[in-house]
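>>> sequence below, structure please.
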Amino acid sequence: VYYLYVSCISCVLCYDICCCSAFFPGLLFQVFFFFKQKTAYEIMPSLVGSEMCIRDRYKLHGVNHILTKGAIDAILDRCDSIAAKDGVRPITQADKADILKQNTEYSENGLRVLTFAYKESDEELNVNTEYGYTFLGLVSMIDPPREESKAAVADAVRAGIKPVMITGDHKITATAIARQIGIFREGDIAVTGMELDSMSDSELDQKIEKISVYARVSPENKIRIVEAWQRKGNIVSMTGDGVNDAPALKKADIGVAMGITGTEVSKDAASMVLQDDNFATIIKAVANGRNVYRNIKNAILFLLSGNMAAIFAVVYASLLALPVPFEAVHLLFINLLTDSLPAIAIGMEKPEKDLLSQKPRDPKQGILTKEFSALMLLQGALIAVVVMTAFYIGLQVNAATASTMAFATLTLARLFHGFNCRSKHSIFKIGLASNVYSLLAFAAGVGLLAFVIFVPFMHPLFKIAELTGAQIGFIALLAFIPTVIIQIAKVIAENIKKSK
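Numbers count the residues shown, from 1 in each chain. Presented below is the predicted three-dimensional model:
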């Protein structure tokens, strides 16, 4: 089973931030937005876990200020005062409860929330200055999911892919967005990086299939998640755009870096680069990949079943001491001309509507499975029966006529068989004209066969005997019989499946 991990909401599922709302208890909104004389800027990864603190130093009315913004659970406990309507005063537990309530309300609506604080200080920017802040307020930003994200996630689930969100956002925010687009469902679990750190590998292995959202994670957490899924024998794909995503991209079976927002480090570590940073494109690639594999498999079935028919006919004639049913030039004509055109047409078959509904195949499974081999032998035997029937009809005249009829019947039957191998569904369901290349290949094959059969100067070259109208009729009828039988079997199978 393929499992796809979304490591950053804004990478592949969401648009850029497009609007925001704010919660400021006091009237100091302009304190943050209109500071002048910026004197320093520093990003300090000094807070707990993976949370970052971005700090600036400004001068306001000649007084040095340090501003900070970040996650509420990292900054609020470092504030000892609050900018309220009546001015700056000590922060109380009731204040913190109101702030946390407002933060939860924003997060449950899928909004990203930043906490802003400041303090008047001449201190150097270092870890020791991370205390004594005055709480300013919250800013919530909406990063809405792309319109196609929900449908793409639904397609992924239908295809047997389990999307998992891995993000640096707050757990409540991540869960809300994941629920909107169908990643988080009833009974699923959301965990934070700290909760993940407290889990042992065995505990993670037990819960991994139920965890759909990981929030506030570190690069090490991402690697653990990938390894946990891989221990269960799954193929894991990981998306990412940052430098810290590189280890997980490298560890995953298929690392997918972002082409627009991705760093060069992430692109180098990834197996592939997503040019439009869109999750829906990944699902389209999965569908195209499945279609290419299916078309290759169908083309192989067409070639092998047709060749098995010739082998069965030759073996049968040899065992019964009959004249040789085919000349060498006959087989050369079939393999080089009439076989290659339908095989190419099958390779150009369009994806079917139910392609994503099929279960992912086992990557260790080869093409020649028991089911495939049985189908190949059965269809080859069916064509061989009508070929030898035509051979016996021609043998009543002479060996040359028998060989000609066997050759023509085998060629035409294989051309008809090209329609059978286009899909596992009947021709009535997929449509005869849905692949115009298949029709052109059939017409070209029939034209080449007619050229050999009906043009007199080609007879010596291809060792063709003159045929009567009745014999030509028998060839056409016999060649069409295997296709009729196979299509009837497909229709019956479709009706049985539909009735279940």
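>>> contacts for stretch 353-366 next, please.
1-2, 155, 158-161, 235, 283, 286-287, 290-291, 293-294 (C-beta atoms under 8 Å, 6 or more residues apart in numbering). All C-beta spots, glycine's among them, are computed from the backbone N, C-alpha and C.
>>> so K69 touches T115, yeah?
Yes - between K69 and T115 there is a contact under C-beta atoms under 8 Å: 6.6 Å.
>>> who has more neighbours, those two?
T115 (24 against 18; other C-beta atoms under 10 Å).
>>> and T239, that one's in a strand?
Yes - T239 forms part of a strand when assessed by DSSP: H, G, I helix; E, B strand; the rest coil.
>>> point out where the stretch 301-450 of the chain drops to low pLDDT.
Scanning the stretch 301-450 of the chain for pLDDT under 70 picks out no residues.
>>> can you pull out the helices in it?
328-333, 340-346, 370-395, 399-420, 427-430, 436-454 (DSSP state H, counting those that start in this stretch).
>>> JSON lines please, covering those helices and showing distance to E124 and mean neighbour count.
Listed next are these as JSON lines, based on distance: least, C-beta to C-beta, whole Å; neighbours: other C-beta atoms under 10 Å:
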{"stretch": "helix 328-333", "distance to E124": "85", "mean neighbour count": "16"}
{"stretch": "helix 340-346", "distance to E124": "71", "mean neighbour count": "21"}
{"stretch": "helix 370-395", "distance to E124": "71", "mean neighbour count": "19"}
{"stretch": "helix 399-420", "distance to E124": "78", "mean neighbour count": "25"}
{"stretch": "helix 427-430", "distance to E124": "72", "mean neighbour count": "15"}
{"stretch": "helix 436-454", "distance to E124": "72", "mean neighbour count": "17"}
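>>> distance check, K250 against A270.
Look at K250 and A270: by C-beta to C-beta, to the nearest Å, they are 8 Å apart.
>>> so which of the two has more stuff around it?
A270 (25 against 16).
>>> where does that one fall, phi/psi-wise?
Torsion angles at A270 (phi, psi; degrees, to the nearest 10) stand at phi -80, psi 160.
>>> how close does it get to T239?
Distance from A270 to T239, by C-beta to C-beta: 9 Å.
>>> mutual contacts of the two, please.
Joint contacts of A270 and T239 (C-beta under 8 Å, 6+ apart) are V256, A257.
>>> whichever of the contacts of stretch 353-366 end up buried, select them in ChimeraX.
Typed into ChimeraX, the line below selects the buried ones among these, using 16 or more other C-beta atoms under 10 Å:
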select :2,155,159,160,161,235,283,286,287,290,294
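>>> among the contacts of stretch 353-366, which lie within helices?
Applying DSSP state H to the contacts of stretch 353-366, the entries found in helices are D155, R158, I283, V286, A287, R290, N291, Y293, R294.
>>> quick check: neighbours shared by K69 and T115?
Common neighbours of K69 and T115 (C-beta under 8 Å, 6+ apart) are I75.
>>> may I see the buried residues of stretch 263-279?
T263, V265, S266, K267, A269, A270, V273, L274, D277, N278, F279.
>>> how long is that stretch end to end?
18 Å (C-alpha to C-alpha, to the nearest Å).
>>> most remote residue from this protein's center?
Going by C-alpha atoms, centre = their mean, the residue of the chain most distant from its centre is V397, 59.0 Å out.
>>> list phi and psi for that residue.
phi -90, psi -70.
>>> one more: L111?
phi -100, psi 140.
>>> the residue nearest to it when sequence neighbours are not counted: which element?
Once flanking residues are discounted, L111 sits nearest to S140: 3.9 Å by C-beta to C-beta, 6 or more residues apart in numbering. Following DSSP states H and E, one finds S140 within strand 133-142.
>>> and what of I66?
strand 63-70.
>>> same for the next helix or strand after that strand, what does it pack against?
Sequence order places helix 72-75 as the next helix or strand after strand 63-70, per DSSP H and E. Using 3 or more C-beta pairs under 8 Å, 6 or more residues apart in numbering; DSSP states H and E, the elements in contact with helix 72-75 are helix 93-108, strand 111-120, strand 133-142.
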